[in-house]
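# Sequence below, structure please.
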Amino acid sequence: MNTQPINPMWFEQLRTVGSMNEYAWLSILKGSINSIADFGCWSSEPYALLWTLDASEIIVVEKELANLDQIVGAKEDLEILMRRIPASMTGREIKFIVADMTSIVKELITNSVDLAFCKNVLYQIYEANKDLSGVQNVVNEMARVVKPGGWVIAVEPKIGAEHENIVQDFFGTKIELPCRVGDPIDISPLFQKVALIRNTFEGAPEWSYCYKKPQMDDASVGHNQ
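Numbering: from 1, shown residues only. Presented below is the predicted three-dimensional model:
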């Protein structure tokens, strides 16, 4: 597991692209989330989650080391780095694990984090083989690492949907992104299979899957369905 200090470069980008607003619907969990496992991620996502949830630690799981380049960013002298970090973000950690998330991630301890999160990642797992077995494995792993009373949340609007590629300029870089054309597969049964309890959050994106891991004295946040 590789630990990196928070790179303030991403906070400037967060303000620029409005990523904070994108995750604002999760703020209902603020105060109850200390540690996060982020299964796959997009650029500033780990930093937005840390900030929004006021968490102290986030662990990013990626299959390929190269995928972490966009998150780690340029290395800077630690003294200069610390002067540029907003005071409210000092003392927080971001860790990186390179592992296949469709298998047991040995570095992640069972019942160890408050939130397992992914966004637009499960659809990539599905696209690799056009079946849901790999997706189920990731859901199983997310549920395993979350503490009783913790949360498993996925935002996945594209699974099984027909899509076409579009080109978008992202911070001056041309990249291809899939654009959803049809309706996706409802993967709710995959979460229910591991006995998670579905909830809804006000303002959550369409095709978000918000589940709580049950415990004896369960007091759900949000609204049970």
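
# Residues contacting the biggest strand by length in the chain, please?
Ranked by number of residues, the top strand in the chain under DSSP state E is strand 146-155. In this structure, residues lying in contact with strand 146-155 by C-beta atoms under 8 Å, 6 or more residues apart in numbering are 26, 29, 33, 37, 111-122, 139, 142-143, 187, 191, 196, 205, 207-215, 218. Heads up, the C-betas are built off the backbone N, CA and C, glycines and all.

# Using PDB, write out every CA atom in it.
Once non-C-alpha atoms are left out, strand 146-155 reads as follows in PDB (Å, rounded to 0.1, in the frame of the first residue of the first chain):
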ATOM      1  CA  VAL A 146     -17.500  -2.100   5.200                       C
ATOM      2  CA  LYS A 147     -18.200  -2.100   9.000                       C
ATOM      3  CA  PRO A 148     -21.600  -3.200  10.200                       C
ATOM      4  CA  GLY A 149     -23.700   0.000  10.000                       C
ATOM      5  CA  GLY A 150     -21.500   1.300   7.200                       C
ATOM      6  CA  TRP A 151     -22.400   2.200   3.600                       C
ATOM      7  CA  VAL A 152     -21.900   0.700   0.200                       C
ATOM      8  CA  ILE A 153     -22.700   3.300  -2.500                       C
ATOM      9  CA  ALA A 154     -22.300   3.000  -6.300                       C
ATOM     10  CA  VAL A 155     -23.300   5.500  -9.000                       C
END
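
# give me the beta-bridge partners of the nearest residue to residue 196 once chain neighbours are set aside?
With sequence-adjacent residues excluded and distances taken as C-beta to C-beta, 6 or more residues apart in numbering, residue 196 is closest to residue 211, at 3.6 Å. For residue 211, the beta-bridge partners under DSSP bridges are residue 152, residue 198.

# from memory residue 211 sits against residue 193, does it?
No - the criterion here is C-beta atoms under 8 Å, and residue 211 misses it with residue 193 at 11.1 Å.

# can you map out the strands along this protein?
With DSSP E applied, the chain shows strands at 2-4, 35-39, 57-62, 93-98, 113-119, 146-155, 163-170, 173-180, 197-200, 208-212, 223-224, listed in chain order.

# Out of the helices and strands in the chain, which is least certain?
In the chain, the helix or strand scored least confidently by mean pLDDT, DSSP states H and E is helix 78-84, which has a mean of 42.

# and residue 103, how many neighbours?
A count of nearby residues for residue 103, using other C-beta atoms under 10 Å, gives 12.

# my bad, residue 110
If you count neighbours by other C-beta under 10 Å, residue 110 ends up with 10.

# got any ranges where this protein has weak pLDDT?
Scanning the chain for pLDDT under 70 picks out the ranges 1-20, 42-43, 65-91, 163-181, 216-225.

# mind running it again at 50?
In the prediction, the chain carries residues with pLDDT under 50 at positions 14-16, 71-85, 87, 170-171, 219-225.

# For PyMOL, what selects the buried ones among the contacts of strand 146-155?
PyMOL command restricting those to the buried ones, with burial defined by 16 or more other C-beta atoms under 10 Å:
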select buried, resi 26+29+33+37+113+114+115+116+117+118+119+120+121+122+139+142+143+187+191+196+207+208+209+210+211+212+213
